[in-house]
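In: Sharing a model prediction with you, sequence too.
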Amino acid sequence: MKKISLLLIGSVFAMSSTTLVSCSSNKQEASAADHAKVEQFLQKAVATDRFELMAGMMAADQGKKVDAYGQQLVHVHSRTSPVLESMAKQRRVELPNEMPSEKKAIVDSLETKEGEAFDQTFTDAQLEVQKETVALYEQAEKELKDQEIQAFIDQVLPVLKQHLAEAQELKNAVASK
């Protein structure tokens, strides 16, 4: 009887150990998947912030009707960029050194424009970039479990939505001339 009880206890222990290892493995897989989502969000958000800073500086300097909007972009993104970079560093997320090629192409195009042509190119680009950025943050808000990033999104998303609305108004104002 003792032999059967010991065998039974041993087999229960073996099954529970396997279950614990399996649960631990599932948590690690979930954690790795969460980290990948955090990494992707931070990389894209930092790249967008860098673009917004550069485009905002150009608009503040070269724009006719878009200079105030450009200054606003510089003001906001010069504050959000260090926070994003700090969160990335804390999470050991490697950030790209260069701007994505599609954003670099916009900057290159803006560098060749002046006056109303600059304003038109800038507002077209801003409307698309703001739509992409709001979508990125909304997706992260739904998918990411990182509380610090969620708090950051809660603060920044309303500002980004305001930028989107202003970009639409600015595009309409520039187009109506």
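Out: Ah, there it is.
In: count of neighbours near the closest residue in space to Val159 that isn't next to it in sequence?
Out: Take Val159 and drop its neighbours on the chain: the residue closest to it by CB to CB, 6 or more residues apart in numbering is Val76, 6.0 Å away. For every residue, glycine as well, the C-beta is placed using N, CA and C. For Val76, the neighbour count with other CB atoms under 10 Å is 19.
In: who does the helix or strand containing Val76 touch, helix- and strand-wise?
Out: In this assignment (DSSP states H and E), Val76 forms part of helix 67-90. Secondary-structure packing of helix 67-90 (3 or more CB pairs under 8 Å, 6 or more residues apart in numbering; DSSP states H and E): helix 2-62, helix 147-175.
In: could you dump that helix to CSV, C-alpha only?
Out: Taking C-alpha atoms only, helix 67-90 is exported to CSV below (Å, rounded to 0.1, in the frame of the first residue of the first chain):
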residue,chain,number,x,y,z
ASP,A,67,5.3,77.8,-39.2
ALA,A,68,3.2,77.9,-36.0
TYR,A,69,2.2,74.2,-36.5
GLY,A,70,5.9,73.4,-37.0
GLN,A,71,6.8,75.1,-33.8
GLN,A,72,4.1,73.1,-32.0
LEU,A,73,5.5,69.8,-33.3
VAL,A,74,9.0,70.8,-32.1
HIS,A,75,7.6,71.7,-28.7
VAL,A,76,5.7,68.5,-28.2
HIS,A,77,8.1,66.0,-29.8
SER,A,78,11.2,67.5,-28.1
ARG,A,79,9.5,66.4,-24.9
THR,A,80,8.2,63.0,-26.0
SER,A,81,11.4,61.8,-27.7
PRO,A,82,13.5,61.7,-24.6
VAL,A,83,10.8,59.8,-22.7
LEU,A,84,10.4,57.2,-25.5
GLU,A,85,14.2,56.8,-25.8
SER,A,86,14.5,56.4,-22.0
MET,A,87,11.7,53.7,-22.0
ALA,A,88,13.5,51.9,-24.9
LYS,A,89,16.8,52.0,-23.0
GLN,A,90,15.2,50.6,-19.8
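In: Now do the spatially most central residue of the chain against Phe118, distance only.
Out: Geometric centre of the chain, nearest residue: Ala45, 2.7 Å, by CA atoms, centre = their mean. Look at Ala45 and Phe118: by CB to CB, to the nearest Å, they are 26 Å apart.
In: Likewise for Ser31?
Out: Distance from Ser31 to Phe118, by CB to CB: 46 Å.
In: tell me the average confidence for stretch 44-63?
Out: Mean pLDDT, computed over stretch 44-63, is 95.
In: Quick check: buried residues in it?
Out: By 16 or more other CB atoms under 10 Å, the buried positions in stretch 44-63 come out as 44-60, 62-63.
In: averaging pLDDT over each of the helices and strands packed on helix 67-90, which comes out lowest?
Out: helix 2-62 - the lowest mean pLDDT of these, at a mean of 69.
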